[in-house]
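Here's a sequence, model it:
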Amino acid sequence: MDTLDTPAAVTADMIRIPGGTFRMGSDNHYPEEGPTHAVTVDAFWIDATPVTNAQFRRFVEATGHVTWAEIPPDPKDYPGAKPKMLKAGGLVFTPPTHAVDLRDWSQWWRFTFGATWRRPYGKGSHIGGLDDHPVVQIAYRDAEAYAKWVGKEIPTEAEWEFAARGGLIDTEFAWGDDFTPGGRHMANTWQGEFPRENLRSDGWARTSPVRAFPANGYGVFDMIGNVWEWTADWYSQQHESDAPKACCVPQNPRGAAMEASYDPRLPSIRIPRKVLKGGSHLCAPNYCRRYRPAARHAEPVDTSTSHVGFRCVVRTGGRT
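Residues are numbered from 1 along each chain as shown. Predicted coordinates:
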């Protein structure tokens, strides 16, 4: 039973996730996913899908919210930046036509002036006919503002991963251990040689409708693939290990301190980073195998891209 008198209007089209203890992270893939460790989360509600273009439009129309991608950057936040680059916009995936060095992401990402949630790929693009696709070009402050408006919050990394696992224990993917069971695509990911060859055998070149692929065991859609999703946690290079005593399993952990989230490769740019979860339609076997619940990625809070969105939670408390 519920432990909070949550207004039905707030939790409409949300899925209730029971509290529990699980092994968070993975020791088998990227180093930032480890070490696996025990975590306990209380019960909560989570949006059945990522927030869509239609939902975000209602928010903007009601509040007049201006997204981060629509505001020119403040020069003091980006020492050394060329003045011509200090214009409003967002990062847009732009596939090359030839093989490139996979260590250089600038070969397929372009900072595009005028790219916003309304024009996710810049001038000439639009979201007409995409009401049921996830909203993108959303910086963290935009996701947080939307969540506050609807009376919700952004999930922690632990909450997000627990919900993504769908009640399964120790499986590789949100639906089991086979990436395409029976040849069926279970999420919107990349097929072909990333970043230049997109075979689209799952039916989609970029984002897809939020219910286009099967829900997981909890009935939640698109936790894997389609778009990366913001969480409330500050990024850290690795998870903390299990506590030496079994009595000390972290309950409702909230991630690292903000100071630990800065990118050590950019010491002059002090933009903190949050954890992204879930992978996106750009995740490919030859480059980014992050289409798994344990996968995680760092994203500066000021950054909006054509493959990052979000969903919200309502916390109920307790383990029921």
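
what's residue 301 in contact with, if anything?
Remark: with contacts taken as Cβ atoms under 8 Å, 6 or more residues apart in numbering, residue 301 is in contact with 139, 140, 141, 271, 272, 273, 274. Placement of C-beta: from N, CA and C, glycine included.

The fourth one falls within a helix, correct?
No. Applying DSSP: H, G, I helix; E, B strand; the rest coil, one finds residue 271 to be coil, outside a helix.

Chain neighbours aside, what residue packs nearest to it?
By the measure of Cβ to Cβ, 6 or more residues apart in numbering, the closest residue to residue 271 outside its immediate chain neighbours is residue 300, 4.3 Å from it.

What remains of the contacts of residue 301 if I keep only buried residues?
Neighbour-count burial (16 or more other Cβ atoms under 10 Å) is assigned, among those, to 139, 140, 272, 273, 274.

quick one on the thing from earlier: as TSV, the contacts of residue 301 with pLDDT and distance to residue 122 would be great.
Below are these laid out as TSV (pLDDT from 0 to 100; distance: Cβ to Cβ, whole Å):
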residue	pLDDT	distance to residue 122
139	98	16
140	98	21
141	98	21
271	95	22
272	97	26
273	98	24
274	98	24
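
out of the residues you listed, what pair is the most spread apart?
For those, the maximum inter-member distance is 13.6 Å, found between 141 and 273 (Cβ to Cβ).

Residue 111 - that's part of a helix, no?
No. The assignment for residue 111 is strand, going by three-state DSSP, so no helix is present there.

What's the separation between it and residue 288?
According to Cβ to Cβ, to the nearest Å, residue 111 and residue 288 sit 20 Å apart.

again with residue 13
Relative to residue 288, residue 13 is positioned 30 Å away (Cβ to Cβ).

Residue 93 too?
Taking Cβ to Cβ as the measure, residue 93 falls 12 Å from residue 288.

what sits in contact with each of these two?
Contacts common to residue 93 and residue 288, judged by Cβ under 8 Å, 6+ apart, are residue 282.

where does the stretch 101-250 of the chain dip in pLDDT?
245-247 (pLDDT under 70).

What count of nearby residues applies to residue 306?
Residue 306 is flanked by 25 other residues according to other Cβ atoms under 10 Å.

So it is in contact with residue 115, correct?
Yes. Taking contact to mean Cβ atoms under 8 Å, the distance of 7.1 Å between residue 306 and residue 115 places them in contact.

Which residues are in contact with each of those two?
90, 91, 92, 121, 137.

In strands, which of these fall?
Taking DSSP state E, the ones among the shared contacts of residue 306 and residue 115 that sit in strands are 90, 91, 92.

Which residue, other than its chain neighbours, is closest to the last one?
When the adjacent residues along the chain are set aside, residue 92 lies closest to residue 112, with 4.3 Å between them (Cβ to Cβ, 6+ apart).

Now do the buried residues in stretch 48-61.
Of all the residues in stretch 48-61, those buried under the rule 16+ other Cβ under 10 Å are 48, 49, 50, 51, 52, 53, 55, 56, 59, 60.

Which of those residues fall in helices?
When those are checked against helices using DSSP state H, the ones located there are 53, 55, 56, 59, 60.

Pull up the per-residue confidence for the first one.
So the one you mean is residue 53. Among the per-residue scores, residue 53 holds a pLDDT of 98.

Isn't it up against residue 128?
No. No contact is recorded between residue 53 and residue 128 when judged using Cβ under 8 Å, the distance being 9.6 Å.

Return the residues in contact with residue 83.
If you count contacts by Cβ under 8 Å, 6+ apart, then residue 83 has residue 75 around it.

quick one: it from residue 73, how far?
Relative to residue 73, residue 83 is positioned 11 Å away (criterion: Cβ to Cβ).

What strand or helix carries the residue nearest in space to the middle of the chain?
For the chain, the residue nearest the mean C-alpha position is residue 229 (1.4 Å; Cα atoms, centre = their mean). When elements are assigned from DSSP states H and E, residue 229 belongs to strand 228-234.

Any idea how far that strand is from the middle of the chain?
6 Å (Cα atoms, centre = their mean, to the nearest Å).

just checking, what packs against it?
Under the contact definition 3 or more Cβ pairs under 8 Å, 6 or more residues apart in numbering; DSSP states H and E, strand 228-234 sits against helix 157-164, strand 273-277, strand 296-300, strand 308-309.

and if we set it to 10 Å?
If you count contacts as 3 or more Cβ pairs under 10 Å, 6 or more residues apart in numbering; DSSP states H and E, strand 228-234 packs onto helix 140-149, helix 157-164, strand 273-277, strand 296-300, strand 308-309.

So for residue 211, which of those sits nearest?
Nearest to residue 211, of all these, is strand 308-309, at 14.3 Å by Cβ to Cβ.

Packing partners of the closest one?
Using 3+ Cβ pairs under 10 Å, 6+ apart, the elements in contact with strand 308-309 are helix 140-149, strand 228-234.

closest to residue 42 among the buried ones among the contacts of residue 301?
Distance to residue 42 across those (Cβ to Cβ) is lowest for residue 274, with 21.2 Å.

Sounds good, over and out.
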